[in-house]
Each structure stands twice: as C-alpha cells, then as structure tokens.
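> Sequence plus predicted model, see below.
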Amino acid sequence: MENIKLCIEKTLDFISKEKLASYESNVKACMETLEKGTGLGNDFLGWLHLPSSITQEHLNDLKATAQVLRENCEVVIVAGIGGSYLGARAVIEAMSNSFLWLQEKKAGQPTILFAGHNIGEDYLYELTEFLKDKKFGVINISKSGTTTETALAFRLLKKQCEEQRGKEMARKVIVAVTDAKKGAARVTADKEGYKSFIIPDNVGGRFSVLTPVGLLPIAVAGIDIDQLVAGARKMEEVCAAESLTENPAALYAATRNELYRNGKKIEILVNFQPKLHYFMEWWKQLYGESEGKDGKGIYPSSVDFSTDLHSMGQWIQEGERTIFETVVSVETPNHELHVPSDEENLDGLNFLAGKRVDEVNKMAELGTQLAHVDGGVPNMRISVPALNEYYLGQLIYFFEKACGISGYLLEVNPFNQPGVEAYKKNMFALLNKPGYEKESEAIQARLKK
Ligand SMILES: O=P(O)(O)OC[C@H]1O[C@H](O)[C@H](O)[C@@H](O)[C@@H]1O
C-alpha cells in the first residue's frame, strides 16, 4: 500500500536546497533527543511510540464500550475541549457523510454531537432542548478533569441524562476519559461507577487522539479504529528514518523552520475537501500550542479551498509576503460524479461535460499552487492517496512526529502550554472562584482604574 507523500519542490525558489540539506544533522539530533527522552518536556513523550504499543485487547475494549453506547443511544455527546475534542472531531467529520445529520436515523448508529468546547449559553440551551426527547449518552473527556468549559457542560448533561433516563441507565451510557487518579472527572466517574478510560500521564492533550480521548468517540461514530491505528503505526515506522529524503516528518520540520528563518512567519494549512476542515483545526492546536512560546513560533492558520479563495484568496495572492502554504491534497475521492452535458449550455460549462468533479477541483488546486508560488508564497504539498481511516492515521502521526522535531529545531519546549493559563486565571478571579481571593481583589482594582 502507498503512503502519504510530502513534496517541497515549490519551496525551493524561496529557500536554498543546500541550506535545507544542512538541517540533516540537526534534525537527527532532535530525533535522538526525542528517542532518548533527554530534551525539554521529556515527561510528555508517550505519543512517540503510542501507535506500535496499542494492543488489540485495548482496541477491543474500546470497541465493546462503543457498542454499548451505540446500542443504547440515539445521540452521544462528546464533551471536551482542545486536545480532548479536536482529534475526535477531525476524524469523525473527515469520515462521515456530509449530510449525515439530515439523514434518517438508523438504529445502532447514534448521532455524535459535541459540547464542552465553548461557554455559549444559547449553544448549551439549544443542545439541552434538543436532547429533551432523545435517548442520549455522554463521553466526558478531560485530561485534567477540571477544565471549566467541559465541566460546566458535563454538569448540565449528567443531570439531564439521569433525570431523563434514570440513574441506572445513565451509569451505562456515561463514560469518562480522564486521568487515572486526579481531577474532578475521575472522582465523579469512580463515585458513580462509570466505565472509564485512562489518558496516560505522558501523553499531552494535543497528542492524545490515538488514546481513548480520540479512539472512543471515533469508534462510537462507527469508524474503523483498527485501521486508524494501523496507518499511524505505518507512519511511526516511516518517520523513524534518519535522512531527510526518507523521512517526511523530518523534511517537513526542516523546511518549515527554514522558511520561518527566511521571514515566512505564518503557515496556512490548506484543504480542497471540506471534510478536512476540523483536521486543520486539530493541526492548529498541535502546532500553535507546541511552538508559540518564548516570543517565537510560526502562526498556524488554515483555509478551506476553493471556498476561501473567494474570501482569503486576495490576501494570500497579494498581501504581506510572510506566509507559506501546506496543502493536504486527497488524490482520489471516495465517490464519482461527472459533470452533465446540457443542450442549451447557458452556463457555458459544456467544456467540462463528462469530466469528474474532482478533475475540476484538481485544476483549481494546481492553478492555485502556480498562482500563489508566482505571487511569492512557498508551497508544500502532502498527497494523501484517499480519505480513509488508514491515511488519516498516517497524517496524524506524521504531523505529531514533525511537531516534536520542529519544536526542538526552534529550541522551545513543544510539550507544554504555560500561556494558556493567563486567561483562566483572570476568568477565575473575575468569577470569584474560591482560592483566587487575592487575584480577584487585584483584578477588581485594575478594572476600577
Ligand atoms: O483535557 P483537559 O485537561 O480538559 O484540557 C483541554 C485543553 O485545555 C487546556 O487549556 C490546554 O490548553 C489544552 O492543551 C488542552 O487540550
């Protein structure tokens, strides 16, 4: 079977091939640091050999729990935020029919909804209203077990589930994915007797999609987690190679760092398949939290093309030349659709008649690449043979490994996120959370000025 491939040729008008080749020894050192666990953040390296260490027994346990939820729920709410949300959503959206939510519901195929990733009162009100006559279950996901957004949503959902379905059924259809010992989610799960899965200590949130954090919701959605893990496992193998030419993660890490050093401060991850929208959201957290610190880091952004060519295309073509693009390109769609011919040809599209829609999409992609490179935007391309679980697994591990290498090349700790606490501290102070008395006083004084 083929693998995903990275092509960097269209960056070479902007950075030198020789300079890039000179990264090889540094990249090798970064990979060694990861392997030996001697670098910054080395207590969070559990993701590195995660794919090859997942046992079939573990996957079967996840599938059995998923089956309980599938059999007993019309709707399953996945409650989580950041790394406890984006990976599952990325894979579920990529693998689901775009109009699933409008289709007639099948028994044993619950609708998956998300909560705990915002504090929108209307969102939560509308969700709880919708659930009023539904047999629903909840997967409560939080590594720390104390994240406000998730805890708030779970408090509402737990109460509603128990009221609607009774305590006994609620116990069956509420599952926790959290720390082995710490946090409120663990305490609740143990006290209520929920089935629970552990997020390993040494796997940070944004690297946790291949733990039960991602695998359980993905399995509940009916998506093949064996294949997802198999793809990741394959990439674990491929991305162990030492040379830049054989290891796509190493090449990607080196290229984006060299672009950054040449003034390209923003990376735009691009898709031409709307189903990949949330995959890009997952990638943004992975790279944003890993690299944006110490006054450094590429700003990760994303666009859905060709949609956003009609909104952001102008900026990308002619705005400040501080950007580069990385295109995730799916080679072959899962379905065929041909452009019909039309006798009157009023729209003038008969020149496309008989062609597959994807041929048009691919020419949009090629045309965009040429235009953007001409306009001064370096372009990398990751080609993905097909949109399926196996290749999504490959993409996930590829980006994770590259992120670890890239963070070390940048000389930051890619595995912490101290900056995220600043808003939380202020929010807790403003809400008078017990334990924040001093901060509350200080923030009130500051607001009165
Ligand atoms: O899983 P949790 O502990 O609830 O954390 C959820 C998310 O929120 C935090 O604030 C971090 O910035 C993220 O890295 C994390 O993935």
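Nice, thanks for sending it over.

> Just give the nearest non-adjacent residue to the residue in the stretch 301-449 of the chain that the ligand sits nearest to, would you?
In the stretch 301-449 of the chain, the residue found nearest to the ligand is residue 420; the distance is 3.7 Å by C-beta to the nearest ligand atom. In short, each C-beta sits where N, CA and C put it, glycine included. Nearest non-adjacent residue to residue 420, counting by C-beta to C-beta, 6 or more residues apart in numbering: residue 289, 7.1 Å away.

> Just to check, that neighbour is in contact with residue 282?
No - Residue 289 is not in contact with residue 282 according to C-beta atoms under 8 Å; the separation is 11.4 Å.

> Comparing those two, which residue is more hemmed in?
For residue 289 versus residue 282, the count of surrounding residues by other C-beta atoms under 10 Å is larger for residue 282: 28 against 23.

> What strand or helix carries that one?
Using DSSP states H and E, residue 282 sits within helix 277-291.

> hmm, who's touching stretch 87-96?
78, 80, 112, 114, 141, 208-210, 213-214, 216-218, 221, 223, 228, 275-279, 281-282, 387-389, 392, 396 (C-beta atoms under 8 Å, 6 or more residues apart in numbering).

> ok, now stretch 405-419?
Stretch 405-419 is contacted by residues 23, 26-27, 30-31, 33-34, 39-45, 204, 207, 249-250, 252-254, 256-257, 260, 287, 289-294, 296-297, 403-404 when judged by C-beta under 8 Å, 6+ apart.

> and the end-to-end length of that stretch?
End-to-end span of stretch 405-419 (C-alpha to C-alpha, to the nearest Å): 21 Å.

> Just the buried residues of it, please?
Of the residues in stretch 405-419, 405-410, 412-417 count as buried by neighbour count, 16 or more other C-beta atoms under 10 Å.

> again, but for stretch 238-257
Under the neighbour-count criterion of 16+ other C-beta under 10 Å, stretch 238-257 has 238-240, 244, 247-257 buried.

> got it, and stretch 256-266?
If you call a residue buried by 16+ other C-beta under 10 Å, then stretch 256-266 has these buried ones: 256-260, 264.

> Distance from the chain centre to stretch 232-241, please.
Stretch 232-241 sits 19 Å away from the centroid of its parent chain (C-alpha atoms, centre = their mean, to the nearest Å).

> Alpha carbons of it, as CSV, please.
Output in CSV follows, covering the C-alpha atoms of stretch 232-241 (Å, rounded to 0.1, in the frame of the first residue of the first chain):
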residue,chain,number,x,y,z
ALA,A,232,-0.3,5.6,12.4
ARG,A,233,1.8,2.6,13.1
LYS,A,234,3.0,2.6,9.5
MET,A,235,4.0,6.3,9.8
GLU,A,236,5.8,5.6,13.1
GLU,A,237,7.9,3.2,11.0
VAL,A,238,8.4,5.5,8.1
CYS,A,239,9.2,8.6,10.3
ALA,A,240,11.9,6.7,12.1
ALA,A,241,14.3,7.1,9.2
